[in-house]
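[1] with the input below, show me the fold.
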Amino acid sequence: MIGLLVIGLFCTFLAGSYPALYLSSYNPLATLKMQKVSKGGSAAWIRQGLVVFQFTMAFILICSTFVIYLQIQLIQKRDIGIVKDNLVSFSVTAELYNSSSAVLNELRNTGVVEECGFSANQILNSSMKTNPWVWNGKDLEDDAYVSVNFVSEGLIGAAGIKLIDGTDIDPAKKNNKGEAGVLINETLAKRMGKEGRIGGQIGQSAERKWEIVGIMKDFVFDDFYAIEPASALFFYDPKRTNLLFVRLKPDVETYKAIGQVQTVLRSFTPYHAFEPTFMTDDFDRLFENEHLVEKLSALFAVLAIFISCLGLLGLSAFSAEQRTKEIGIRKVLGAKIIDILFLLGKAYMVLLLISFVIGIPVSLYAGTRYLKDYAYRIVLSWDIFVGVALLITLIALLTVSVQSLKAAIANPVKSIKTE
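    Purely as a prediction, here's the structure:
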């Protein structure tokens, strides 16, 4: 807020400084005699310089807004390997995870649930990063962490995570140690080399290893700007879970289906609220800061273009008034309205061109600095700058045309008589 206040005070000072300096430069005697002020000299340079500055700032802010918007859209439309639609989560109680298989079967029998499963973490976030992990043939310099999640059967089906090899965890197929095996993602399988296969072994010590029963297609979690996801491992242990993920069938009424799910859950834990959380909402909340920056940039861009148009409107009115006689004489000599519009507008196009020449490299630098923190990012292309330049040019032409058209259609006889 303090920063916004400082910016506001600076803009107020800058906006008021030119009228103050300009009016104080008047010759009192010439003013009392109603003589016109010269259109040349330093005053003209100041007027034109302010217009260039205003449109340069508008150009930079609009370009920045577009860059932020396109970057957010790139991430939100990215295939993250998880199907977010129709996926709902509920917090779980001890009664639920202690009867996990019965709960899952009851939910599947409702007719509104496509798949469901328990998870210790939000699928989009991993709160458990552990190290070291060992496997046969491991590179001694490999010390990267592995994100671990405790799950039940059905979790990857509910989340829409695809298997590229093997099967889901099946508690009915536990080994003689009572273990149902683990799932790993593609990234971890590549790290493990030859051992990253169905039947391979991975553990946290040479004596304590688990068998790989399935390899999941990579899905994005934690860092959504990373090009490649981190290593992930799913371990079967429903009693260490905190959330229940339920994928509703696409053809059912959402809130009616949620009511049926809640009824099943309350049959195991009466009087518990079981408030639903939609995966789409969780995903959108991950980008709240980016959306805030986008909205602020858009707000400042609109203010900048508005102030620029006010300045340009005033400058065009001043210029038209200064050239009243010239316009009248040109019309008497046969000049058409389009000729007058071109006469008055070409000077502003030069100012716009100057602002674009200054604004493009600054915008390119600012956009590059903003995007360098994201590995998965858009490519800055010239169509962004060209599009913004055309937009500002159109707005400027509409603004200038108001006064220019007024001057062009004025009665030339009255214009010539103007003192």
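
[2] can you count the residues close to Met216?
    Neighbourhood size, Met216 [other CB atoms under 10 Å]: 25. Just so you know, the C-beta spots here come from the backbone N, C-alpha and C atoms, and that holds for glycine as well.

[3] just checking, it touches Gly160?
    No. Contact between Met216 and Gly160 fails when scored by CB atoms under 8 Å: they sit 11.0 Å apart.

[4] overlap in contacts of the two?
    The contact sets of Met216 and Gly160 do not overlap (CB atoms under 8 Å, 6 or more residues apart in numbering).

[5] work out the gap between the helix or strand containing Val246 and the centre of the chain.
    Taking DSSP states H and E as the definition, Val246 sits inside strand 243-248. Mean-position distance between strand 243-248 and its chain equals 27 Å (CA atoms, centre = their mean, to the nearest Å).

[6] what helices or strands is the helix or strand just after it leaning on?
    Using DSSP H and E, the helix or strand that directly follows strand 243-248 along the chain is helix 254-268. Using 3 or more CB pairs under 8 Å, 6 or more residues apart in numbering; DSSP states H and E as the contact criterion, the elements in contact with helix 254-268 are strand 87-91, helix 94-98, helix 100-108, strand 243-248.

[7] deepest-packed of these, please.
    Most buried of these, by mean neighbour count (mean count of other CB atoms under 10 Å): strand 243-248, with a mean of 24.

[8] direction included, what does that one pair against?
    strand 87-91 (antiparallel), strand 113-119 (antiparallel) (DSSP bridges).

[9] can I get those in JSON lines with mean pLDDT?
    Converted to JSON lines, those look like this (pLDDT from 0 to 100):
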{"stretch": "strand 87-91", "mean pLDDT": "94"}
{"stretch": "strand 113-119", "mean pLDDT": "94"}
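
[10] between these, which one is nearest to Leu140?
    strand 113-119 (32.7 Å; CB to CB).

[11] ok, and what's touching that closest one?
    Contacts of strand 113-119 (CB under 8 Å, 6+ apart): 86, 92, 96-97, 100, 104, 107-108, 149-159, 238, 241-250, 257, 261.

[12] isn't there a helix covering Ile215?
    No. Counting by DSSP: H, G, I helix; E, B strand; the rest coil, Ile215 is not found in a helix; it is strand.

[13] so how many other residues sit close to Val350?
    Val350 has 12 nearby residues by other CB under 10 Å.

[14] need the three-state assignment for it.
    Applying three-state DSSP: Val350 is helix.

[15] going forward can the numbers begin at 830, since that is how I track them
    Yes, from this point I'll number from 830; that puts the last item at Val1179.

[16] from Phe1214, how far out is it?
    Per CB to CB, to the nearest Å, Val1179 is found 19 Å from Phe1214.
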